[in-house]
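Trainee: Have a look at this prediction, sequence included:
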Protein chains: 2
Amino acid sequence: MANFSEMNITVVGLGMEGGSYAIAINQYLKPKNLYAIDIKENVLIAAEQLQVITKGSTRPEEILPKSDLVIMCIYPTGVIQFLREYMHLFKPGAIITDAAGVKRNIVKEIVSFVRDDVDFVPGHPMAGNEFRGFLYADKKIFEGNSYLLTPTLKNKESSLQLIEEMALKFRCSKVYRTDPDTHDTKIAYASQLMHLVATALVNCDSYTDDMSTFVGGSFKSATRVANINPDLWTDAFMENSDKLLEQLEKFNANLQMMKTALENKDADTIYRFFETSYLKSNAHDR
Amino acid sequence: MANFSEMNITVVGLGMEGGSYAIAINQYLKPKNLYAIDIKENVLIAAEQLQVITKGSTRPEEILPKSDLVIMCIYPTGVIQFLREYMHLFKPGAIITDAAGVKRNIVKEIVSFVRDDVDFVPGHPMAGNEFRGFLYADKKIFEGNSYLLTPTLKNKESSLQLIEEMALKFRCSKVYRTDPDTHDTKIAYASQLMHLVATALVNCDSYTDDMSTFVGGSFKSATRVANINPDLWTDAFMENSDKLLEQLEKFNANLQMMKTALENKDADTIYRFFETSYLKSNAHDR
């Protein structure tokens, strides 16, 4: 069992995701100290005032040398840059984890330069919302969702178990270990394709000022995540474009089949398509 | 002001939608009698037992001659067939309305044979859920959603106002009058395309037994309505295939643009696409 109450834990990046970690850590782990590093001083001051964190700093050298666990909550490419630049500052024995949504590149890069006396555990909580910034932080984003790990050959089992324990204390449904390639394949479909579709729906010129008159629940659900963070998701799409293209092709094949069926007024094909969807939706525990 | 308390109101079809009407009518309109017609006797008996309806019958001739307001909650083609077959049974002065999701064909057909002494008001509440059957009836499906009407030249203003009053008592956000062509164009995008996309996502072979491990909120939102009613939606797609094909083409153009951008690792285009989606999502009151 990890002794979180004797640890100094640090969140790097106090946006929606990092803020959610901070609130969950504060409430569920009760560490000795909870630090945060961010480039925005006002967010750090607010988080201190709200007593979410013990202390914030814009200067990694003030925080990293005393941190036992560091959680990276910035963009994937930012994680690589930050760790490369400040690797010398980490406390010997520290555990570093991240929350990046794509894993192949980030793991390969960081493993190539990570110090032998710190342990980098690649992680990805299936948690988030469609908003940006610390004001949308919410510890509930973790509840009932799974937390993925893509362990490296360098990871100590004890480090993996510490992150697992954290995730379960956050009320995640389970922790699942997989490899970066499988992760990125699954995520290309389960997350990235969903964001691509939502944005492509909203970017239709049929999305007009009078939409609110004509929309019901299906529209609201389908386009919820179209309120997207362009920086974060451009980064994620660029890193996983090969896998996403594979998924887009499969999705597109379904659309083309339905297009042909609609053109031919082929009710049988349309019915079978819906029936398959209905049966699959009900067969799987989601 | 309509005097609902002196009216006999009848719901034809006690599924999710008809059941929701029945519950809302019972609670908000408090009519003299609330009748239901359905082919399933067990559903009618259950609704009587639950005191949602005064009386149910599988035989239209028992109910229609005493009904002041009849709400058709069966499939679009079923509405046409039912009204054609039983038109002679309606009470002189009765108001008939429907809830069909496509309007051009149903309005044209019914106007062609409706008796002069009854008034057919074509309606479409932007309300529903992803489930089927009376057990999923829920008066809340109306709350905050708009209620569309596509009046015909034969409609009396008083009949239109009665349906409007009913919708507002159901806590719909507003009642909007439009023409069948505009309705079907808007709905092809705002509802039908959303259902096509959700089912096409679920029908990808990437949707596997271990999905629950990898999905977050974006997947759940995007595929919520994939739990589709194949009969109802095949009917709706067949009736509106021309309009839906137009919308599918626009959506597909967006996907193709993003496909090219991903193939070319064109971060600028991806960023601008997301930025547009973000700005549109925030600009419109949904």
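Mentor: Yes, it's here.
Trainee: Surely A:Y28 is in a helix?
Mentor: Yes: checked against DSSP: H, G, I helix; E, B strand; the rest coil, A:Y28 lies within a helix.
Trainee: Might you report the residue contacts of the closest residue to it other than its chain neighbours?
Mentor: Nearest residue to A:Y28, sequence neighbours excluded (C-beta to C-beta, 6 or more residues apart in numbering or on different chains): A:K169, at 4.3 Å. Where C-beta positions appear, they are placed from N, C-alpha and C, glycine not excepted. Applying C-beta atoms under 8 Å, 6 or more residues apart in numbering or on different chains to A:K169 gives the contacts A:A24, A:Y28, A:L29.
Trainee: Also A:D119?
Mentor: Each residue near A:D119 by C-beta under 8 Å, 6+ apart is listed here: A:A94, A:I95, A:I96, A:K154, A:N155, A:K156, A:S159.
Trainee: Out of these, the closest to chain B would be?
Mentor: Nearest to chain B among the contacts of A:D119: A:N155, at 19.7 Å, using C-beta to the nearest C-beta.
Trainee: Pull the contacting residues for the closest one.
Mentor: The neighbourhood of A:N155, defined by C-beta under 8 Å, 6+ apart, consists of A:D119, A:F120, A:V121.
Trainee: Walking through the stretch 1-150 of chain A, point out its helices one by one.
Mentor: A:16-24, A:41-49, A:60-63, A:76-86, A:104-113 (DSSP state H, counting those that start in this stretch).
Trainee: what's the closest of these to chain B?
Mentor: Closest among the helices of the stretch 1-150 of chain A, once you apply C-beta to the nearest C-beta, is helix A:76-86, at 10.8 Å.
Trainee: Quick one: mean pLDDT for that closest one?
Mentor: For helix A:76-86, the mean per-residue pLDDT is 95.
Trainee: mind listing what the residue nearest the centre of chain A touches?
Mentor: Among the residues of chain A, A:G101 comes closest to the average C-alpha position under C-alpha atoms, centre = their mean, at 4.6 Å. Counting by C-beta under 8 Å, 6+ apart, A:G101 makes contact with A:P76, A:H124, A:I187, A:S191, A:Q192, A:A236.
Trainee: Can you report how many residues lie near the residue nearest to the fourth one when sequence neighbours are not counted?
Mentor: The spatially closest residue to A:S191, leaving aside those adjacent along the chain, is B:S218, at 5.5 Å (C-beta to C-beta, 6+ apart). Other residues near B:S218 number 23, with proximity taken as other C-beta atoms under 10 Å in any protein chain shown.
Trainee: Let's see the pLDDT reported for B:S218.
Mentor: For B:S218, the model assigns a pLDDT of 90.
Trainee: could I get the contacts of A:N155 as TSV with pLDDT and distance to A:L89?
Mentor: Formatted as TSV, the contacts of A:N155 follow (pLDDT from 0 to 100; distance: C-beta to C-beta, whole Å):
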residue	pLDDT	distance to A:L89
A:D119	98	16
A:F120	98	14
A:V121	98	18
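Trainee: Map the structural domains onto the sequence of chain A.
Mentor: A:4-178, A:182-283 (automatic domain parsing).
Trainee: In JSON lines, list these along with distance to B:S206.
Mentor: Converted to JSON lines, the domains of chain A look like this (distance: least, C-beta to C-beta, whole Å):
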{"stretch": "domain A:4-178", "distance to B:S206": "15"}
{"stretch": "domain A:182-283", "distance to B:S206": "4"}
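Trainee: ok so, going back, I'd like to know which of the contacts of A:K169 are buried.
Mentor: A:A24, A:L29 (16 or more other C-beta atoms under 10 Å in any protein chain shown).
Trainee: where does the stretch 151-286 of chain A dip in pLDDT?
Mentor: For the stretch 151-286 of chain A, applying pLDDT under 70 flags the ranges A:284-286.
Trainee: mind listing the strands for chain A?
Mentor: Ranges of strands in chain A, per DSSP state E, are A:8-12, A:33-37, A:55-57, A:69-72, A:95-98, A:119-121, A:123-125, A:146-149, A:174-177.
Trainee: Throw those into TSV and include distance to A:K108, thanks.
Mentor: Shown next, in TSV, are the strands of chain A (distance: least, C-beta to C-beta, whole Å):
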stretch	distance to A:K108
strand A:8-12	20
strand A:33-37	24
strand A:55-57	30
strand A:69-72	16
strand A:95-98	13
strand A:119-121	12
strand A:123-125	15
strand A:146-149	16
strand A:174-177	18
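Trainee: Nearest spatial neighbour of A:C172, chain-adjacent residues omitted?
Mentor: Nearest non-adjacent residue to A:C172 (C-beta to C-beta, 6+ apart): A:Y147, at 4.4 Å.
Trainee: Give me the buried positions along the helix ranked longest in chain A.
Mentor: Counting residues, the longest helix found in chain A (DSSP state H) is helix A:241-263. Residues A:241, A:243-244, A:247-248, A:250-252, A:254-255, A:257-259, A:261-262 are the ones in helix A:241-263 that count as buried (16+ other C-beta under 10 Å).
Trainee: That helix: how far from the chain's middle?
Mentor: Relative to the chain's own centre, helix A:241-263 is displaced by 26 Å; criterion: C-alpha atoms, centre = their mean, to the nearest Å.
Trainee: Run through who's touching it.
Mentor: Applying C-beta under 8 Å, 6+ apart, the contact partners of helix A:241-263 are A:184-185, A:187-189, A:192-193, A:196-197, A:237, A:266, A:269-270, A:273, B:196, B:200-201, B:203-206, B:237, B:241, B:244-245, B:248, B:252, B:255, B:258-259, B:262-263, B:265.
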